[in-house]
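one predicted model, sequence on top.
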Amino acid sequence: MNIWHIARSHRALLVSGIVLGLLGAAATLAQPLVIGEMITSVAADRPLTGPILLAVALFAADALFAAGHAYTIGRAGENVVFDIRHTLASRLLRSRLQSYHRWDQGDVFSRLVTDTSLARICLTQALAQIVTATFMVLGGIVMMARLDAPLLVTTLGCLGAASTVSLLLARQVRTASVVNREDTSVFGSALLRVMGALPTVKASRAEARESDHIAELAGQARRSGIRVSALSALLTPAMNVGTQLALTVVIAWGMARVATGDMAAADLTAFMMYLFYLVSPLVMLFMSIAQFQQGRASVDRLGELGGLEQEEDTRPASAAQAGEGHTAPGGPAIRFESVSFRYPDGDTADPVLDGVSFTVPDRGLTAVVGPSGAGKTTLFQLVERLYAPDSGTIRIGGTAITELPLAQLRSLIGYVDQDHTLLRGTVRENLTYAAPDATADDIAEALRKAHLTEVVAALPTGLDTELGERGAGLSGGQRQRLAIARTLLQHPRIMLLDEATASLDAEAEAALRDSIAEISRHCAVVAIAHRFSTITRAAKIIVLEGGTVRAAGTHAELLLNDPLYRRLAGRQEHDEPGTVPDSALLADTRNAIRVRGTVA
């Protein structure tokens, strides 16, 4: 993403504002000549009506052009910052997760909010002021040369020294601004970190430690900010010293020349007015250069953020609209074919998944189990194309997911992640987030299947009840069921449940198991669960270990034939008595399998 290209798209408005500024500068430059003419008219005893009317007209024109310039440049700046923020936000939402996760969220927030404001000043206000101030300074120098060249050379000598110092200061301001922006981003990141985990901070009695850490980072940002302010504050005094020195020389030498008749009093008056008029544009010029330098640092930072890798469809969106890629029920809903994957920039070179192959039937419940780190959640992320496999193919209904437009692929899949993320807003907004056109009957049915009907009815304003961050206002189990209801509204062909029952009590879990059983009669349900009570009814269970498929079968078959599954189940039996078969039931399971094998 090119930030300068975005600014150029508003060049018509920017040029209009600059032209108005130049016209205002021209009106200003003409004023000392009119004042000089008034002095000459008084000395020659000529009428003053004409010069006075001309001066009033110039003053009015100057004011009108200045107002038009400020409004036009301000509007251009708001347009530019809107486009930058809109473009960056869109790119963030469409970025590839492996690219996005390399960024600190606080830094991203700082760039989108603070850096865009500084970029606006750089790309519009500072740029326009540099042009108009330069015109004003050069115009003033030309008019002063016309009045008295020797006096101008002396004046420029004094102002030149001050200008050199100001340029050096402007460069220092840019360097200091870069440091300050980085310090501010680090502070913002630390603040977002603790605000996102405030209950943990309080439970760990870490308020004082975190407060001291944030204060230290805020102090670092303060120190670098003070340095920027100090360097910026020196710009005006540096110019003032040069201006005051020049003014002293002009008054002393000019009055001496007027006394000897070598220079007209009207010319000296006009020359002094131009000198006064030169001060503000010179200061504005170097201030604008400093602002431009600061803004350039922000533009560079925004350009880096705009470089996030984007998710790309391998097929056009029109394919989704035409319904391409849908396949008839009956075949496998999901097929993994020798899929391998490792996370970019991971802590280990070992793959998370290594040659994984399995199928998920078009109907029924399929469970995925295994120890932590086996790659269970990664399977879901690959199906959703949140990440791309390093090798192998994943198919939905026989079609490779890379051949499906992203919008179509994700409309076929309902995904409830283990964080069951909800957003600040009403219950209705969270419920219909993936299906904004859902009807009242659809909503009621989704609530019924997720066993939330009574919960929502008991809320202060029902579906219009406001929830806080991450669904605050509901219990953990209620938030989880709301996330499942939200997914049901999509009417997905495949539902992925990542630890969907983790936060539910026994009663809510039993109700949700019944819902899953009902849903699985109409679509494929794939569930990751540590609670074996959730998956004992699964038609197929896939056991992962070390990124490979260790075994697959029913609950009873795996209890008999797979030691890892038996160990995991035994651990559950110890932690939650009654959730899996005990030793006697395990013996019955063995006998049943032997009998079935003998009959076969």
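Yep, it's here. Numbering: from 1, shown residues only.

show me the helices in the stretch 351-500 of the chain, by range?
Assigned by DSSP state H, counting those that start in this stretch, the helices in the stretch 351-500 of the chain fall at 376-383, 406-412, 427-431, 440-449, 453-458, 476-488.

between those helices, which gets nearest to Ser229?
Across those, Ser229 has its closest neighbour in helix 427-431 (43.0 Å, C-beta to C-beta). Backbone N, C-alpha and C define where each C-beta goes, glycine included.

show residues contacting the closest one.
Helix 427-431 has contacts (C-beta atoms under 8 Å, 6 or more residues apart in numbering) with 422-423, 438, 443, 446-447, 456, 459, 462-465, 467, 471, 482, 485-486, 489.

then it to CSV, C-alphas only?
Coordinates of each C-alpha in helix 427-431 appear next as CSV, following Å, rounded to 0.1, in the frame of the first residue of the first chain:
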residue,chain,number,x,y,z
VAL,A,427,-27.0,-10.2,22.2
ARG,A,428,-28.8,-9.9,18.8
GLU,A,429,-25.8,-8.3,17.1
ASN,A,430,-23.5,-11.1,18.4
LEU,A,431,-26.1,-13.7,17.4
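
how far away from the center of its chain is that helix?
Distance, stretch centre to chain centre, for helix 427-431: 23 Å (C-alpha atoms, centre = their mean, to the nearest Å).

then stretch 506-526?
That offset, for stretch 506-526, works out to 37 Å (C-alpha atoms, centre = their mean).

and for stretch 423-440?
23 Å.

picking up where we left off before, output the helices of the stretch 351-500 of the chain as a markdown table; include the columns mean neighbour count, distance to Pro389 and mean pLDDT.
A markdown table is the format used below for the helices of the stretch 351-500 of the chain (neighbours: other C-beta atoms under 10 Å; distance: least, C-beta to C-beta, whole Å; pLDDT from 0 to 100):
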| stretch | mean neighbour count | distance to Pro389 | mean pLDDT |
| --- | --- | --- | --- |
| helix 376-383 | 22 | 6 | 88 |
| helix 406-412 | 18 | 14 | 84 |
| helix 427-431 | 21 | 31 | 85 |
| helix 440-449 | 16 | 32 | 86 |
| helix 453-458 | 14 | 39 | 86 |
| helix 476-488 | 24 | 24 | 81 |
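
check contacts around Asn213.
You called it Asn, but residue 213 is His. By C-beta under 8 Å, 6+ apart, the residues touching His213 are Ala190.

about what we covered before: among the helices of the stretch 351-500 of the chain, which is nearest Thr548?
Using C-beta to C-beta, the helices of the stretch 351-500 of the chain put helix 376-383 closest to Thr548, at 11.9 Å.

contacts for the closest one next, please.
Applying C-beta under 8 Å, 6+ apart, the set of residues contacting helix 376-383 is 97, 334, 336, 339, 341, 352-353, 356, 368-370, 387-389, 394, 396, 401, 413, 415, 417-418, 494, 496, 498, 526, 528, 544.

again, only using 7 Å
334, 339, 341, 352-353, 368, 370, 387, 389, 394, 413, 415, 418, 496, 498, 528, 544 (C-beta atoms under 7 Å, 6 or more residues apart in numbering).

with adjacent residues omitted, what lies nearest to Ala162?
Gly242 (2.5 Å; C-beta to C-beta, 6 or more residues apart in numbering).

quick one: contacts of the helix or strand hosting that neighbour?
Using DSSP states H and E, Gly242 sits in helix 235-259. Identification of contacts with helix 235-259 by C-beta under 7 Å, 6+ apart yields 151, 154-155, 158-159, 161-162, 165-166, 169, 263, 265, 268, 271-272, 275, 279, 282-283, 286-287, 290.

same question for stretch 169-186.
106-107, 110, 114-115, 217, 220-221, 224-225, 227-228, 231-232, 234-235, 238, 286, 289-290, 293-294, 296-298, 301.

in helices, which of these appear?
106-107, 110, 217, 220-221, 224-225, 227-228, 231-232, 235, 238, 286, 289-290, 293-294, 296-298, 301 (DSSP state H).

now stretch 88-103, how far from the centre of its chain.
Centre to centre, stretch against its chain (C-alpha atoms, centre = their mean), the figure for stretch 88-103 is 8 Å.

going forward, count from 592.
Got it, the first residue is 592 from now on, which makes the last one we talked about stretch 679-694.

for the record, mean pLDDT for it?
Average pLDDT, stretch 679-694: 79.

Asp853 and Thr745: what is the separation?
14 Å (C-beta to C-beta, to the nearest Å).

when those two are compared, which one has more neighbours?
Thr745 (16 against 11; other C-beta atoms under 10 Å).
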